[in-house]
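Novice: Give me a model of this one.
(chains A and B)
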Amino acid sequence: EAGVAQSPRYKIIEKRQSVAFWCNPISGHATLYWYQQILGQGPKLLIQFQNNGVVDDSQLPKDRFSAERLKGVDSTLKIQPAKLEDSAVYLCASSLGRAYNEQFFGPGTRLTVL
Amino acid sequence: AQTVTQSQPEMSVQEAETVTLSCTYDTSESDYYLFWYKQPPSRQMILVIRQEAYKQQNATENRFSVNFQKAAKSFSLKISDSQLGDAAMYFCAYSTGANSKLTFGKGITLSVRP
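Specialist: You can find the predicted model right below:
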């Protein structure tokens, strides 16, 4: 079974530039999550989708971050414009959606903002 | 708001020995789940073990077991017969019955001495 795919794996940009990350979840997983992991900290949820609807985006900085999940499969997370403090690893995860279900994580995208 | 606290930033264990990683959490919910996830260097995060709050029996998965103290809101992970491959960052995480999003602790870096 294929795992969660993410691209790119690494990205370096200047502040105020834009960047987009892509995630392809495990087939059949209705729930998709984007987490931000700053160095030395645990992942923090940015946004959670159930199929193509948003379940929780309470911690998403909506003035600069946006995300979509078209057709309830792939998802894209965008930052525009980027700030220095956005430097982090962006993790995508998917699951069957119940609280006890295991979340399967992708390899992450390491973003460096200069 | 739910919080997860991992107060030990680093631990070290001799190969074949036993080590215990600590975690405490705070919640007013009665229906919740607790998890330990492992994040090896430059590799994807994977689930180690999970515990349903309504179950009194501590979860066990091969060499991994938990000590779940519900009244004390404590959830520690015991790794027996430590192996070199156990070296990683370990995150304690929590989810409620109502929402499957994970709230993570800061993590603990475990090193295994040969």
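Novice: okay, CA-based contacts and neighbour counts for the rest of this
Specialist: Fine.
Novice: Stretch A:5-23 and chain B, are they touching?
Specialist: No: residues of stretch A:5-23 are not located near chain B by C-alpha under 8 Å from any C-alpha of the partner chain, the shortest gap being 10.8 Å.
Novice: What's the mean pLDDT across that stretch?
Specialist: The average pLDDT within stretch A:5-23 is 97.
Novice: And it, how far out from the chain middle?
Specialist: 11 Å (C-alpha atoms, centre = their mean, to the nearest Å).
Novice: which parts of that stretch are buried?
Specialist: A:5-7, A:11, A:13, A:15, A:19, A:21-23 (16 or more other C-alpha atoms under 10 Å in any protein chain shown).
Novice: Ok, stretch B:95-106 next?
Specialist: B:95-97, B:100-106.
Novice: What of stretch A:22-30?
Specialist: In stretch A:22-30, counting by 16+ other C-alpha under 10 Å, buried: A:22-26, A:29-30.
Novice: Could you tell me the end-to-end distance of that stretch?
Specialist: Start and end residues of stretch A:22-30 are separated by 17 Å (C-alpha to C-alpha, to the nearest Å).
Novice: ok, and what's touching that stretch?
Specialist: A:2-8, A:32, A:49-51, A:72-77, A:92-97 (C-alpha atoms under 8 Å, 6 or more residues apart in numbering or on different chains).
Novice: Alongside chain B, which residues does chain A contribute?
Specialist: Going by C-alpha under 8 Å from any C-alpha, the residues of chain A near chain B are A:33, A:40-45, A:48, A:97-108.
Novice: Can you tell me, leaving aside adjacent residues, what's nearest to B:Asp31?
Specialist: Spatially, and ignoring its direct neighbours in sequence, B:Asp31 is nearest to B:Gly97 (5.2 Å; C-alpha to C-alpha, 6 or more residues apart in numbering or on different chains).
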